[in-house]
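>>> Dropping a prediction and its sequence here:
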Amino acid sequence: MHISVQPGPGTGYAVEIDNGLLGRLADVLQPLLPEGAPRFVLSSPRIWRLHGAAIAAGLPGPEPILVPDGERAKHLTTVQRVYDALIRGRADRSSQLVVVGGGVLGDLGGFAAATFLRGIPYVQVPTTLLAQVDSAIGGKVGVNHPLGKNLIGAFHHPRLVVSDPLVLRTLSRREFRAGLYEVVKYAVIASRPLFDQLVATLRQIVARQADLLVPIIAECCRIKAEVVAADEREQGLRRTLNFGHTVGHALEAVTKYRRFRHGEAVAYGMRAAAWIARARGALAADAHEALGELLTRMGPLPAVADLSTAACLEAMRHDKKVVRGTLHFVLPVDIGRTAIVTDVTELELATSLREVGLRI
Ligand SMILES: NC(=O)c1ccc[n+]([C@@H]2O[C@H](COP(=O)([O-])OP(=O)(O)OC[C@H]3O[C@@H](n4cnc5c(N)ncnc54)[C@H](O)[C@@H]3O)[C@@H](O)[C@H]2O)c1
Ligand SMILES: [Zn+2]
């Protein structure tokens with residue numbers, strides 16, 4: 001399947017989604033590269049061990065640049081290693097960087113591409129569900145700073161995104177589920193059919209039944225592409241993508257990014273937001289319950305009973321999505337529809353945190 005993303009003039013690109021694309025990378029990438037221009041592949045030792053042979057078969061070429069992934073490696077020092085390899089390999093402005101990895105490598109490789117020689121073209125080959133439905137699209141790239149997550153970054157759109165759902169088979173169940181919570185997010189903000197599909201086929205999806213994943217990933221990409229096209233720099237509409245993220249980010253921060261996979265924290269955040277919406281009478285009881293049931297069926301989440309509500313509220317005050325003191329909060333008003341409000345009170349937030357299991 002093919003989705004096109006049009007963030008602004010001259011920056012359009014395609015997202016190609018199909019089973020087995022990894023084995024055909026050279027064909028897919030060929031039209032993008034000028035004759036003779038060097039191509040570089042960036043990945044991690046782990047991903048290369050699992051999928052390197054398939055990638056090398058589909059894209060014969062030079063040795064890949066391998067750097068560690070995982071959140072702890074998402075730093076400028078790792079970017080420096082990518083620059084080193086590009087310089088040693090005599091990369092120039094016509095070179096293309098093909099980034100094969102999860103969201104960490106995608107953000108980091110995209111940032112290297114954004115800054116090396118003031119910007120070289122790059123291609124995203126996302127290998128986690130989270131990266132396929134979210135981080136590979138939208139052009140936000142960057143790394144963490146010791147004082148905070150994603151503080152160093154840029155906007156740099158890829159030339160192409162190539163998603164092969166077959167690579168997701170080697171993800172741990174937990175990692176796959178973490179991405180699936182973002183799929184639930186898209187369903188709740190913009191697609192009732194996607195929500196119904198998740199409810200009807202959750203078991204097969206978790207078993208990674210190939211024919212089911214292509215249209216699901218495509219639907220998420222379509223939604224993100226639509227939002228990004230309407231609002232490249234997160235002024236308004238793009239905020240709806242933050243459904244579940246205000247509380248989610250706070251939970252990640254108070255646990256120092258060690259307890260939750262991002263999607264797991266977002267799952268709590270969606271529950272909290274849905275609770276507030278229902279308490280306000282903005283979300284019907286049956287829709288609230290349908291979301292709760294789906295999240296419960298997806299499996300257990302890390303515990304929150306030891307986490308302090310007050311600490312979590314404090315973390316929300318520091319969220320960078322708080323613009324000039326105003327918290328823009330995404331409330332679900334139906335399955336497939338949200339509203340952005342700025343009048344959520346501390347009491348509502350605190351009560352919703354208690355509702356989802358935090359202590360006082
Ligand atoms: N740019 C954006 O718009 C955006 C959006 C959402 C998230 N993000 C970023 O994405 C990052 C999280 O991404 P992630 O969840 O993909 O984490 P990740 O990149 O750290 O990958 C998770 C783990 O899965 C492993 N892995 C990757 N692909 C695999 C495969 N096919 N089989 C087996 N193991 C595999 C990795 O080695 C890693 O250990 C965060 O840093 C977050 O800030 C960015
Ligand atoms: Zn997210």
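Structure's in. What do you need? Numbers count the residues shown, from 1 in each chain. Ligands and ions are numbered 1, 2, ... in the order given.

>>> Break down this protein into its helices, ranges please.
25-29, 45-58, 76-88, 103-115, 129-130, 173-190, 192-206, 210-230, 245-254, 262-279, 285-298, 309-317, 346-355 (DSSP state H).

>>> Looking at those, which is nearest to residue 156?
Within these, the stretch nearest residue 156 is helix 103-115; the backing value is 3.4 Å (Cβ to Cβ). To be clear about C-beta, it is placed using only N, CA and C from the backbone, and glycine gets the same treatment.

>>> Can you name every helix or strand that that closest one contacts?
For helix 103-115, the packing partners by 3 or more Cβ pairs under 8 Å, 6 or more residues apart in numbering; DSSP states H and E come out as strand 39-43, helix 76-88, strand 96-101, strand 122-126, strand 140-145, strand 148-155.

>>> so can I have TSV of the ones you listed showing mean pLDDT, mean neighbour count and distance to ligand 1?
What follows is the helices and strands packed on helix 103-115, written out as TSV (pLDDT from 0 to 100; neighbours: other Cβ atoms under 10 Å; distance: least, Cβ to the nearest ligand atom, whole Å):
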stretch	mean pLDDT	mean neighbour count	distance to ligand 1
strand 39-43	96	24	9
helix 76-88	98	16	12
strand 96-101	96	26	6
strand 122-126	97	29	7
strand 140-145	96	21	4
strand 148-155	93	14	5
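
>>> would you turn those into TSV with distance to residue 303?
Below are those laid out as TSV (distance: least, Cβ to Cβ, whole Å):
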stretch	distance to residue 303
strand 39-43	34
helix 76-88	31
strand 96-101	29
strand 122-126	30
strand 140-145	25
strand 148-155	22
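
>>> Those: which one's closest to residue 196?
Comparing those by Cβ to Cβ, strand 122-126 comes nearest, at 25.3 Å.

>>> any idea how far the closest one is from the chain center?
With Cα atoms, centre = their mean, to the nearest Å as the basis, strand 122-126 stands 13 Å off its chain's centre.

>>> same question, stretch 215-233
How far stretch 215-233 lies from its chain's middle: 12 Å, per Cα atoms, centre = their mean.

>>> What residues of that stretch count as buried?
By neighbour count with 16 or more other Cβ atoms under 10 Å, stretch 215-233 contains the buried residues 216-225, 227-228, 231-232.

>>> Output those in a markdown table; the columns should cover pLDDT.
Formatted as a markdown table, the buried residues of stretch 215-233 follow (pLDDT from 0 to 100):
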| residue | pLDDT |
| --- | --- |
| 216 | 98 |
| 217 | 98 |
| 218 | 97 |
| 219 | 97 |
| 220 | 97 |
| 221 | 97 |
| 222 | 96 |
| 223 | 94 |
| 224 | 93 |
| 225 | 93 |
| 227 | 87 |
| 228 | 83 |
| 231 | 66 |
| 232 | 57 |
